[in-house]
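Undergrad: Take this sequence and fold it.
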Amino acid sequence: MLSTLVIVTIAFALLFDFLNGFHDAANSIATIVSTRVLKPHWAVLWAASFNFIAFLFFHLSVANTIGTGLIDPSIVNVNFILAALIGAITWNITTWYFGMPSSSSHALVGGLLGTAIAKAGFAPLKFAGISKVLAFIVISPLLGFVFGLLLMFIIAKIFFHFTPHRIDLWFRKLQFISSALISLGHGGNDAQKTMGVIAILLFSTGALGPHFYVPLWVIISCNFVMALGTLFGGWRIVKTMGMKITKLKPVSGFCAEASAAATLFIATAFGIPVSTTHTITGSIVGVGSLNGHGAVRWGVARSIVWAWLLTIPAAGIVSAGVWWVMSRLGGT
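TA: Now for the predicted structure:
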């Protein structure tokens, strides 16, 4: 029987999951909305559907990394997870309010690391897992950039002699596929982070027995709640991602989405929790840069990068503060 505090903490985890979908809806729909292939309400419904079914396509490698690959599970308890979630949620709401596409994933990682350091110093940190997460802050947008640039270049060569109207017609249809793929990648990587948090919470309370695993009800709940968050959409960030970085057409929207999806699939296969936001931003910049340096609004891109760099330490500081307050009130 789960205690009231454990149930409340699971509710906070699902709230984070909802905000992840809400905050990151732009990753899945910004390009297809900005190219006017789909109206916003149909785009979020399309993306949410593929968010939900993503668990059918991916192993739970990312959930295992979040649950056991970043910090020593022996220091985890209910207050620990609650503090980490409050830090991540606070940063997500703050960046959503200002329309900045920061990373929900890194907010959660920052929350976990900040709480761990506040509670037990650096000893519980698993630097092998942490180094992968930190490396992919650079690698995932870089891969998105390179894939987007190459795919756009190849398609430009193949379709060089086709009329713009014909190209537009074909890629308006193909964007349905690329949007579905990035929504699958988003659901496959991001929902697993909440699964990992809930699973390690249950494991720390003895609810899972002697072995760590992710229960089926946790898997379905996390994908469903993330899909629900996507359905409501974070429109402030959609505007930044789809319209402010560079001007997109159906062909460039397809290339950006397909490139980001490929990067997410690779990262998820290796169990690396990456930022969907970083990945699609890199892809959009890569696609836009093929039209020349002036085609990308670099000022907007720089402000996004600053949000990326601040996410882990900012969420970590908030989480550490929350844990400190809870410990002084009698928690451990």
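
Undergrad: Report the separation between M326 and L169.
TA: Note on M326: its distance to L169, by C-beta to C-beta, to the nearest Å, is 58 Å. Just so you know, the C-beta spots here come from the backbone N, C-alpha and C atoms, and that holds for glycine as well.

Undergrad: Compare those two (neighbour count), which wins?
TA: M326 (18 against 12; other C-beta atoms under 10 Å).

Undergrad: Look up how far G288 lies from that one.
TA: Distance, M326 to G288, using C-beta to C-beta: 45 Å.

Undergrad: and what of S252?
TA: In this structure, S252 and G288 are 7 Å apart, going by C-beta to C-beta.

Undergrad: Neighbour count for the two, which is higher?
TA: Legend: neighbour count by other C-beta under 10 Å for S252 and G288, higher for S252 (28 against 24).

Undergrad: mind checking pLDDT for W42?
TA: If you check W42, the pLDDT there is 80.

Undergrad: Which strand or helix spans it?
TA: In this structure, W42 sits in helix 40-53 according to DSSP states H and E.

Undergrad: for that helix, which positions count as buried?
TA: Buried residues in helix 40-53, defined by neighbour count with 16 or more other C-beta atoms under 10 Å: A43, V44, W46, A47, A48, S49, F50, N51, F52.

Undergrad: Give me the contacts around stretch 123-131.
TA: The contact list for stretch 123-131 (C-beta atoms under 8 Å, 6 or more residues apart in numbering) reads T65, G69, L70, I71, D72, S74, I75, V109, L113, A116, I117.

Undergrad: Quick one: mean pLDDT for it?
TA: Taken as a whole, stretch 123-131 has a mean pLDDT of 93.

Undergrad: send the alpha carbons of stretch 40-51 over as PDB?
TA: The C-alpha coordinates for stretch 40-51 follow below in PDB (Å, rounded to 0.1, in the frame of the first residue of the first chain):
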ATOM      1  CA  PRO A  40      -2.900  24.100 -34.800                       C
ATOM      2  CA  HIS A  41      -5.700  22.100 -33.200                       C
ATOM      3  CA  TRP A  42      -5.300  19.300 -35.700                       C
ATOM      4  CA  ALA A  43      -1.500  19.400 -35.400                       C
ATOM      5  CA  VAL A  44      -1.600  18.900 -31.600                       C
ATOM      6  CA  LEU A  45      -4.100  16.000 -32.000                       C
ATOM      7  CA  TRP A  46      -1.800  14.400 -34.600                       C
ATOM      8  CA  ALA A  47       1.300  14.800 -32.400                       C
ATOM      9  CA  ALA A  48      -0.500  13.700 -29.200                       C
ATOM     10  CA  SER A  49      -1.600  10.500 -30.800                       C
ATOM     11  CA  PHE A  50       2.000   9.500 -31.700                       C
ATOM     12  CA  ASN A  51       3.200  10.700 -28.300                       C
END
